[in-house]
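> Let me see the structure of the following:
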Amino acid sequence: MHIEHAKLGEDGRLTIPPALRQELGLHPGDTIVIESDGDSLLLSGYRAFEEVIDLAVPSQES
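From the prediction side, this is the model:
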């Protein structure tokens, strides 16, 4: 597990530290999925989210 600290900007923006962006393979323009459980946030790269959907929803190909 890799833990970093970041500050929320006045406009609500959060900058993901470079080390974490590199570790996760995130690039400018990538979509991030943000989940909340009421106490914390979980950020995931959209590619990882697509993989979960692909596993949960069978392909419609015939």
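> Quick check: the gap between the spatially closest residue to Ser44 that is not a sequence neighbour and Leu26.
Leaving aside its sequence neighbours, Ser44 sits nearest to Val33 (Cβ to Cβ, 6 or more residues apart in numbering; 4.6 Å). Every C-beta, even on glycine, is put in place using the N, C-alpha and C of the backbone. Note on Val33: its distance to Leu26, by Cβ to Cβ, to the nearest Å, is 12 Å.
> Which helix or strand in this structure has the lowest average pLDDT?
Every helix and strand of the chain was ranked by mean pLDDT, DSSP states H and E. The lowest is helix 46-56, at a mean of 62.
> Name the residues of stretch 26-41 that are buried.
Going by neighbour count (16 or more other Cβ atoms under 10 Å), the buried part of stretch 26-41 is Leu26.
> That one: end-to-end distance?
Start and end residues of stretch 26-41 are separated by 18 Å (Cα to Cα, to the nearest Å).
> Can you give the distance from stretch 29-48 to the centre of its chain?
Offset of stretch 29-48 from its chain centre (Cα atoms, centre = their mean, to the nearest Å): 4 Å.
> Run through who's touching it.
Residues from elsewhere that reach stretch 29-48 (Cβ atoms under 8 Å, 6 or more residues apart in numbering): Ile16, Leu24, Gly25, Leu26, Phe49.
> Drop anything exposed from those residues.
Buried members of the contacts of stretch 29-48, counted by 16+ other Cβ under 10 Å: Leu24, Leu26.
> now the contacts of stretch 29-48 as a markdown table including secondary structure?
What follows is those, written out as a markdown table (DSSP: H, G, I helix; E, B strand; the rest coil):
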| residue | secondary structure |
| --- | --- |
| Ile16 | coil |
| Leu24 | helix |
| Gly25 | coil |
| Leu26 | coil |
| Phe49 | helix |
